[in-house]
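Visitor: Quick one: sequence plus predicted model below, questions after.
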Amino acid sequence: MLFDKNIFSMIILYRPITIIKEENEISVKPNSREAILKTAAQLFFTQGYHATGLNQIIQDSKCPKGSLYYYFPSGKEELALECINSIKKIVLDKWKEHFGYKQNAADAIQSFIEALADDAVRSDFEGFMPFNFWMAAETSPISDKLRKTCQTVFAEWQSIIADHLVLGGIPADKAKEKAVVIVSLLEGALILTLTNKDKETLLTVSSYIPCIVNN
């Protein structure tokens, strides 16, 4: 499964830890960090970065306030950065997976997009989309850290596509341009798919991939 509701729980693993403070004893549950990240990512996706507060994240994750500030001392912005980076890795791994079992780049990109379309339907069009798209649009004017992190995400997605286009014989400058077009089309298709609750836009984009790659 590519981007279903459980994507936000696929966060970096960590070792169980218990913290004792001298004046005020706080026990940090082994799964607190994962629960906080999962909850924050879901809330950022469903109601937006600005509308999501730390108190709601604490309440919905059922974790002690001390856990949140231990793992994320800088607060909401740090949480958002960690969520974005975690999902970036998951998506990059999926790109690598599809490029790994397809013989040419066009087939791999189509396979990736079609798998995403199937997961959109399977999840009833809820929570399947990497929320970097929303985060980039919402936070770029007010947080340079978040803007740069989202910029890095898009750049790395474009890079892995361009690298495989080059392996297929496309000149590096053209491969870079085509990768930008593909990621831009995918971004727009994801938004339309979520809005329309219909996977046809993604399938349409997928059908044009050979034209983009080979021409």
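Guide: Thanks, I have it.
Visitor: so how many other residues sit close to Leu37?
Guide: As a burial measure, Leu37 scores 24 neighbours (other CB atoms under 10 Å). C-betas here are computed from N, CA, C, even on glycine.
Visitor: show me where pLDDT drops low in the chain?
Guide: In the predicted model, the chain carries pLDDT under 70 at residues 1-30, 127-137, 140.
Visitor: And the helices in it?
Guide: Here the chain has its helices, by DSSP state H, at 32-47, 54-61, 65-71, 76-101, 105-122, 132-139, 144-167, 172-196, 200-214.
Visitor: domain ranges for this structure?
Guide: Annotated domains of the chain cover 5-77, 84-214 [automatic domain parsing].
Visitor: Return the most buried member of the ones you listed.
Guide: Greatest average neighbour count among the domains of the chain goes to domain 84-214 (a mean of 18), per mean count of other CB atoms under 10 Å.
Visitor: Figure out how far that domain is from the centre of its chain.
Guide: 10 Å (CA atoms, centre = their mean, to the nearest Å).
Visitor: and the end-to-end length of it?
Guide: One end of domain 84-214 to the other measures 32 Å (CA to CA, to the nearest Å).
Visitor: what does stretch 207-215 contact?
Guide: Ala105, Ala106, Ile109, Gln110, Ile113, Leu165, Gly168, Ile170, Lys178, Val181, Ile182, Leu185 (CB atoms under 8 Å, 6 or more residues apart in numbering).
Visitor: Report the contact partners of the fourth one.
Guide: Taking CB under 8 Å, 6+ apart as the contact definition, Gln110 lies against Ser206, Ser207, Ile209, Pro210.
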